[in-house]
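> Give me a model of this one.
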Amino acid sequence: MQKTKQKIGSAKAVVIIPEIYGINQYIKDWAEFFIGHGYDSFCMNLSRRDHVYRYSESNEAYRDFKVEVGFDRYVEIALSIEELKNSYKKIIVFGSSVGATIAWRLTENRCCDGMIGFYGSRIRDYLEVNPVCPCLLVFPEQEESFDIQSIIPKLDQKEKVELFVFPGKHGFADPYGYDFNEQSGKKALDMVKYFLKEIEQSEKI
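Numbers count the residues shown, from 1 in each chain. Next comes the predicted model:
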């Protein structure tokens, strides 16, 4: 699995797991965001092909994700993170949509020091996961496939999880997408900044 990396020579790194579309501008913007906060950035290319789908190709992109990738890809990513541990003192995992669900599955095996997930709707299929690292989960109020309120009580019971629900639809934080909600996107970004400060204060680098 290929990694796109941007390094500033930091002692901390972020592993970014993209959506079904691949490493598009939205994911690249997140990489720049984390670099701006002092993290070396590694974007994981989930597909065997170096291809970025347009948002209008969502059906094809999701079909290819199910056939070529799947949520079990977290095992392979865990191995990549283990390799990065030789070079970094602290590793955060960020995932968006399907990437958030994959990131969620990484939180039980102590391979990362923190996890951030934006609208990982399929986390509902893995509620048995009990994270051993701090997790920030961000959801929209409206999801087409399920009622977000149905999983909040179970996630709230997990000691390491901070959960926020913002007005909008799946993809509300993506300024290039169809369902961008500027106000909710800004609030969610503020939560990420606060979460990163909490992580850094927990163990000084």
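> Please work out the average pLDDT along stretch 189-205.
Averaging pLDDT along stretch 189-205 yields 84.
> I'd assumed residue 13 was in contact with residue 40.
Yes. Using Cβ atoms under 8 Å, residue 40 is in contact with residue 13, at 4.4 Å. (C-beta placed from N, C-alpha, C; glycine too.)
> hey, what's in contact with both of the two?
residue 88 (Cβ atoms under 8 Å, 6 or more residues apart in numbering).
> What ranges in this structure fall below the confidence cut-off?
1-5, 8, 48-49, 203-205 (pLDDT under 70).
> biggest helix in it by residues?
Longest helix in the chain by number of residues (criterion: DSSP state H): helix 182-202.
> Without its sequence neighbours, what residue ends up closest to the most centrally placed residue in the chain?
In the chain, the residue lying closest to the centroid (Cα atoms, centre = their mean) is residue 95, at 1.2 Å. Leaving out its chain neighbours, the residue that sits closest to residue 95 by Cβ to Cβ, 6 or more residues apart in numbering is residue 103, at 3.3 Å.
> Next, count neighbours for the one you found.
Counted with other Cβ atoms under 10 Å, residues neighbouring residue 103 total 29.
> and the helix or strand encompassing it, what does it pack onto?
Assigning secondary structure by DSSP states H and E places residue 103 in helix 98-105. Secondary structure elements in contact with helix 98-105, counted by 3 or more Cβ pairs under 8 Å, 6 or more residues apart in numbering; DSSP states H and E, are strand 12-17, helix 74-84, strand 90-96, strand 114-118, strand 135-142.
> and if we set it to 10 Å?
Applying 3 or more Cβ pairs under 10 Å, 6 or more residues apart in numbering; DSSP states H and E, we find helix 98-105 packed against strand 12-17, strand 40-44, helix 74-84, strand 90-96, strand 114-118, strand 135-142.
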